[in-house]
Every structure is written in C-alpha cells, then in structure tokens.
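S.K.: this one's sequence-less:
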C-alpha cells in the first residue's frame, strides 16, 4: 500500500514536471532558443491564477485566463526579443537572463516576496481499495494527462503541428517547402508559454507560490528535455514521469533532503550511456 | 572617442596608415594602464566601502576571466563554474579550520582536488560534440555539489552555511589579513587569471581552442587533439575558479551552499557576453558594467536589477559581440584606414 501511494505521488509530481518540460521541449528542443525565462512564466501563471481565484472567479476560469495571459506574454517576448536570437544558444540564454531579472524583480515588487496559496477546487480526499488519495492531486494528474494528450494530438494531427515538427527537423528545409517560419515560431512560443502558464496554475493549486519559485521547475524542465531526447515531446513526458517516480521513491526510501539530487544523478547516468536521451532522434557524434 | 576621430581625420588627412597602426597598437596598453589605475583607486581612496566593493568586483572579475577560458576560447558551455568556486571556498576553509593546514598550502591543495574532480566530470561529458551535453552534465554536477554542501551537516554546517575564521598568514613579509591585504590578494588572483588567459591567448593551445570553438570536426582534421584540449580548458578554468574561491572565505568569514548555485554561473555567463566573450578585456568590462554600475546607481536595489536586465537584453540584441567585441572591430577598421 505504501509503495502504491508513493508511486501515485510520483506520477502526480512527474506529470507537473512533464507539463513544464513540454513547453521547454517546444521552445528549446525544436526552436533552439535557450529560454531560461520559461520558469518565470510558470511563476506568473501561478500568480495570475492566484489573483483570479482570489477575485472569486474560481479555478477553471483561472486556468483558462492564465494560459491565455502567458500565451500573450510569450508572443510579446518572441516578437520583441527571442525572434532575434534564433539558433544562437548563447545570446538567447543571455537575453533570457535579462528577461528573468526584469520579470522576477518586478514581480517581487508588485506581489511582495511572501509565499501565498489559493484554494484548490477539490479539497479533501477519497478512499479506493484502502488507499487514501487527495482529490486535488488526482485532478492535477488528470489535467496533466489531458494537456499532454492535447499537445501531442496538436503536434501529430494538425497542419500547424506538422509544420512545427518539420521545423524541428530542418529549419531551412521547412522554409523551402513553404512553411512560414515566422508564424510557426510565434505559434511554438505561444503554445510553450501557455503550457508554462498551465503548469503554474497546477503548481499553485498544490504548493505555495512566491516570486522566486521559478528556478526548480525550470531546472527540471531543461533536464527532462535533454533526458527525453532533444525535440521529442513523448520523450520529455516519459522522462517527466520517470523523474517524478525516482524523486518520490528516493525521498520515501532513501533521504528526503536529497530529493532534488536523484534527478541529477538520473540525468548524469542517462547522458553518459544514452547521449541522445531516451527517445532522441538527433544524436551527438564524436570526433 | 573613436567615433569623433573618425569623423575628423579623413578631412585633414594628416595621419598616414602607419601612424594609425601605431596608435592602434597603443590601445591595449591604454587598457592595461586604465585597469591598473582602477585597481589602485580603492587603496588610495581609502574608504572601507570602496575597498570592500573593490574586493568583491576583483573576485567576480577573476571568476569571469577564468570562465572565459573554457567558454570564450574553447566555446564549451560549462555551467559548473560557481560550483567550483564554492568548492574551493569550502575545501580551503575546512582544511584551514578543521585540519590546521597553512592557508597558502590549502590553496594549491584545493586547486588540485578541484582539477581532479573537473577531469573526472569533464572527460565523459566532453567526449561528445555540441554544447548542450556538457552544459547539462556540468549543471547537474554543480547542483549535486550544492546539495552535498547543504546536506553534509557534519562537515559543511548544512544549508545555513558556516562561519569560518580564516585569515591568511603573512606572505614574504606582506600582511594580507587586513581588509586592504585581502583586496591585494583578490587583485593578485585577478592578475594571475589574466596572465594565464593572456598566455593561452597567444599560445598554440589557445589557437587550438579557438579552432575547436569554430568547428570541432575541422579542428580534428587539422590535428588538434579535440577532446584533450577541451578537457584541459575545462580543468584549467575550474582550477582557477577553486583558487578564487579560496579568497572568499577569509574575505566574508562566512560560506554557504548558495555560493555554489547555478544562478551565480548564469550571471557570470551574462557578464561574459555583455563584456565580449573570447576577448581578454571582455570579462573585466562586463564585470564593471554588471556589478559596478548597479553600485553607482543609487536607486532601490529592485529597480537597479530591473534596469540591468533591460541593459543586458539591449546589449545582446544590438551588440552581439559584447562591448569589447564592438571596440575591437572599431579599432581594426580604423587601423585599416576604412573611415
């Protein structure tokens, strides 16, 4: 029973990681923009939800509004900054560093650094087969699965999704067959940022939010993107669940204070033996 | 300065091309001299605050200069720089405080341990081409070091850090334990890092690193030992970071796992790109802009950082080569006699 409980907990946390990792995969894995400000989108998404819920509108409008708001912010950042740093990791990284400083400090000034939280839509817990399950955690897990499946279907089935994947394989080739690179870039940024906003809302419904909460989900998003194989959405999701399981099993049975360490060990070992990541297509080569 | 001269000179046509070349050759020397003047200010000015800020900036500049070896010259994205900095601070402080090792012996010892560690991490991570691989492994390694530092209570004092009373004993009759002495220690480390960068810049090794940065496959065809050179650059740069870390403990009398955080490395990368990556002067200029200007702008800390963020984004978008890169281009063009 204890083991199953731990596994379910791991799946829930892993789902949260996977939601962030999909956004990072889209922006970093496919576009090649090293946007560290992705974590700040998660933070702003959580705050948007906090203010909407505090205004009495409820959880579902909060989810919709913060996905929309983060999508808009993503579009703005893409138009102003990141479209000029395409393909160049170094400048993209530095630009996002500047964006982080602006967003984080303005957020700290506007929202105060105090941690806050808002009421989840489904408080309490229920029991199935001797397991006590938190309703909110189950809701989060369901939502994550829905988001992941929706994102996957979008990429696989729609015309825009196919354009995104074509661009991920070869940008020049995609341009040659008539894909509007500018439009697709904007779409990817909007989608990635909206996923970050959704992840922020789900984070906020479980944990406390503060202006400095961005670092942990961001780090894990990048780790998962590479762990799963650059540019592979399925890989990022798989890696997300694996990381969640590893963390909750590790902190349950080994040491809780070393929780974040298990992910790093997993990353180092994976990269040493599978340099392409779990499901990566494009590999590294040796000289 | 250059812009004005450029406008005046073509009309008068007095300085010939060779004259321009001579003048252009002076520029690096002018740079060194202004660095020396800048370094002398805190000591001559005398106020405790200036010495404190000077030490802080000198340490940061030394870190940026050492990171420039692996990032600027070899073009490898090493994210573990702050981790090695903190590692040096912890190892030297523990060696001095718990084992009674002489401070001047502790520095090379911790550099040696850091070098071994860097080689162990660097070799498997650098076997493959491409920056992201190394970036993530070194990032994860740095975070692991930070977690060890904050969880190994018996040795490191845990997440709240520890208070250490380390002061360097006199060296060659020079007292280095006062605030000004520590400033000279930091400046000495900065100059050492600069000297090593300068030597690498002009050596066969340095040219090999630049070749690797531009194209690893091509460099291997030209007979450059790509993996060996990359690992060597990573080890040297991490070793220097550990050395700079040794000066941190006596300066602050307090060390905490926050020193090892990846945020520090990220801001160092920001410094490098701001100043001009892969140039000798870039890291110094970047540090002065990044840490010096906020100290000068006497507005609330919050808005200083916001303003700095805006400046970074603007520099990245409009001067991708950094301040030093733009400056170098200008001088090179002027030397050739093109407007």
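M.R.: Perfect, thanks for sending it. These numbers were taken from a predicted model, which means no experiment stands behind them.

S.K.: residue A:65: how many residues sit nearby?
M.R.: Look at residue A:65: counted by other Cβ atoms under 10 Å in any protein chain shown, it has 18 neighbours. Using the backbone N, CA and C atoms, a C-beta is placed for each residue, glycine as well.

S.K.: same thing with residue B:48?
M.R.: 10.

S.K.: for it, which residues are in contact?
M.R.: residue B:179 (Cβ atoms under 8 Å, 6 or more residues apart in numbering or on different chains).

S.K.: change it to 6 Å
M.R.: For residue B:48, no contacting residues are found, by Cβ atoms under 6 Å, 6 or more residues apart in numbering or on different chains.

S.K.: model confidence score at it, please.
M.R.: If you check residue B:48, the pLDDT there is 78.

S.K.: and it, how far from chain A?
M.R.: 28 Å (Cβ to the nearest Cβ, to the nearest Å).

S.K.: now for the helix or strand hosting residue A:23, which elements pack on it?
M.R.: Per DSSP states H and E: residue A:23 is located in helix A:2-24. Applying 3 or more Cβ pairs under 6 Å, 6 or more residues apart in numbering or on different chains; DSSP states H and E, one finds that helix A:2-24 contacts helix A:135-157, helix A:181-206, helix A:215-228, helix A:233-253.

S.K.: any part of the last one near chain B?
M.R.: No: for helix A:233-253 and chain B, the contact criterion (Cβ under 6 Å from any Cβ of the partner chain) is not met; the two come no nearer than 11.9 Å.

S.K.: in that helix, what's buried?
M.R.: A:233, A:235-252 (16 or more other Cβ atoms under 10 Å in any protein chain shown).

S.K.: quick one, what contacts residue A:121?
M.R.: residue A:59.

S.K.: do you know the pLDDT at it?
M.R.: 72.

S.K.: could you look up the SS state of it?
M.R.: Following DSSP: H, G, I helix; E, B strand; the rest coil, we place residue A:121 in the coil state.

S.K.: distance of it from chain B?
M.R.: 34 Å.

S.K.: where does pLDDT dip in the stretch 1-150 of chain B?
M.R.: Residue ranges of the stretch 1-150 of chain B with pLDDT under 70: B:1-17, B:45-46, B:129-132.

S.K.: so which other helices or strands are in contact with the strand or helix carrying residue B:245?
M.R.: Here residue B:245 sits within helix B:226-252, counting by DSSP H and E. Here helix B:226-252 touches helix B:48-68, helix B:81-99, helix B:103-126, helix B:179-202, helix B:204-214, helix B:216-221, going by 3+ Cβ pairs under 6 Å, 6+ apart.

S.K.: show me which residues of the stretch 51-200 of chain B sit near chain A.
M.R.: Counting by Cβ under 6 Å from any Cβ, the stretch 51-200 of chain B sits next to chain A at B:124, B:127-130, B:133, B:136-137, B:140, B:143-144, B:147, B:151.

S.K.: can you pick out the most distant pair from the residues you listed?
M.R.: B:129 and B:151 (34.6 Å; Cβ to Cβ).

S.K.: higher neighbour count, these two?
M.R.: Between residue B:129 and residue B:151, counted using other Cβ under 10 Å, the more crowded position is residue B:129 (19 against 15).

S.K.: for the stretch 201-339 of chain B, what lies in contact range of chain A?
M.R.: B:216-217, B:220, B:226, B:266, B:270, B:273, B:302, B:305-306, B:309, B:312-313, B:316-317, B:320.

S.K.: give me the element the residue nearest to residue B:332 when sequence neighbours are not counted is part of.
M.R.: Computed as Cβ to Cβ, 6 or more residues apart in numbering or on different chains, the closest residue to residue B:332 that is not its neighbour in sequence is residue B:24, at 7.9 Å. Using DSSP H and E, residue B:24 sits in helix B:17-45.

S.K.: the inter-axis angle of that helix versus helix B:179-202?
M.R.: 160 degrees (axes from the mean of the first three to the mean of the last three Cα atoms, to 10 degrees).

S.K.: burial count for the closest residue to residue A:101 other than its chain neighbours?
M.R.: Of all residues not flanking residue A:101 in the chain, residue B:309 sits nearest, at 3.1 Å (Cβ to Cβ, 6+ apart). Using other Cβ under 10 Å, residue B:309 has 22 neighbouring residues.
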